[in-house]
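Enquirer: no sequence on hand, only this structure:
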Ligand SMILES: Nc1ncnc2c1ncn2[C@@H]1O[C@H](COP(=O)(O)OP(=O)(O)OP(=O)(O)O)[C@@H](O)[C@H]1O
């Protein structure tokens, strides 16, 4: 089943003569349970596309639909709630709070949302990601790879059906990068999630189910 779809999606920044066509007519369909890599050179439109998929920004024209629901039908408040409940974000800079421990970082978004914390589920996530023994550590006591795993655990804690990851391994060495992508794959299968990951790295992209190539704001077919 198609869970994430864009139709003739365009995002333009600025005005002529400085108009930038960051996305220029993108049609993609992503299916439930897929782990998709988005690959392209710097400035090709990857982050813009991910932001649109996650409803972090509005398109110039065209639409994004999550299961048959167009994101543009939501007002800003509704979109915030929809995002919180359905989409988990993982960024290159882990964005962990330094003064609280691993467990507290992972459950913080749930607390802020006033949501129930499924402690067994959180334990399961921490164990699956191999950081169960780090729960009382502060982020600065962890390696980069471990910090990124905490950020992944935080994204998973709300049980989102979609994970959007923007260069999640951008700050990691190649061995740790493969491990983190492998863990994303494992958790995606285990918790039945669809994952879209931006990467510069073709080798990492090869670990995914499918690769979408983007160039100058357009999807290009590669055979
Ligand atoms: N807020 C903005 N205002 C103006 N131009 C922007 C803005 N955000 C992005 N752009 C431009 O849109 C184009 C696509 O940017 P985007 O960040 O999506 O590329 P990217 O493929 O993610 O690049 P990178 O790999 O370097 O992160 C670039 O030319 C960029 O300069």
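Expert: Looks like it came in fine. On a predicted model such as this, the values are computed, not experimentally measured, just so you know. Numbering: from 1, shown residues only.
Enquirer: which other helices and strands contact the helix or strand where residue 178 lies?
Expert: Per DSSP states H and E, residue 178 falls inside helix 174-190. Applying 3 or more CB pairs under 8 Å, 6 or more residues apart in numbering; DSSP states H and E, we find helix 174-190 packed against strand 35-39, helix 119-128, helix 144-157, strand 162-166, strand 194-199, helix 202-205. (Each C-beta comes from the backbone N, C-alpha and C, glycine too.)
Enquirer: try it again with 7 Å
Expert: helix 119-128, helix 144-157, strand 194-199, helix 202-205 (3 or more CB pairs under 7 Å, 6 or more residues apart in numbering; DSSP states H and E).
Enquirer: tabulate the ones you listed (JSON lines), appending distance to the ligand, mean pLDDT and mean neighbour count.
Expert: Written out in JSON lines, the entries for those read as follows (distance: least, CB to the nearest ligand atom, whole Å; pLDDT from 0 to 100; neighbours: other CB atoms under 10 Å):
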{"stretch": "helix 119-128", "distance to the ligand": "28", "mean pLDDT": "92", "mean neighbour count": "16"}
{"stretch": "helix 144-157", "distance to the ligand": "17", "mean pLDDT": "92", "mean neighbour count": "24"}
{"stretch": "strand 194-199", "distance to the ligand": "7", "mean pLDDT": "95", "mean neighbour count": "24"}
{"stretch": "helix 202-205", "distance to the ligand": "13", "mean pLDDT": "91", "mean neighbour count": "16"}
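Enquirer: and the ones you listed: which comes nearest residue 4?
Expert: Closest approach to residue 4 among the helices and strands packed on helix 174-190 is made by strand 194-199 (6.7 Å; CB to CB).
Enquirer: still on that earlier bit, now the helices and strands packed on helix 174-190 as CSV including distance to residue 68?
Expert: Formatted as CSV, the helices and strands packed on helix 174-190 follow (distance: least, CB to CB, whole Å):
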stretch, distance to residue 68
helix 119-128, 28
helix 144-157, 24
strand 194-199, 15
helix 202-205, 28
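Enquirer: of those, which is nearest residue 100?
Expert: With CB to CB as the measure, helix 144-157 is the member of the helices and strands packed on helix 174-190 nearest residue 100 (10.9 Å).
Enquirer: distance from the chain centre to that closest one, please.
Expert: 12 Å (CA atoms, centre = their mean, to the nearest Å).
Enquirer: how about low-confidence regions in the chain?
Expert: Low-confidence segments of the chain, defined by pLDDT under 70: 222-223.
Enquirer: quick check, central residue of it?
Expert: Ranked by distance to the mean C-alpha position of the chain (CA atoms, centre = their mean), the top residue is residue 164 at 1.4 Å.
Enquirer: can you count the residues close to the nearest residue to that one once chain neighbours are set aside?
Expert: Nearest-residue entry for residue 164: residue 54, 4.8 Å, with adjacent residues in sequence omitted and distances by CB to CB, 6 or more residues apart in numbering. Neighbourhood size, residue 54 [other CB atoms under 10 Å]: 23.
Enquirer: pull up the distance across stretch 125-140, start to finish.
Expert: 20 Å (CA to CA, to the nearest Å).
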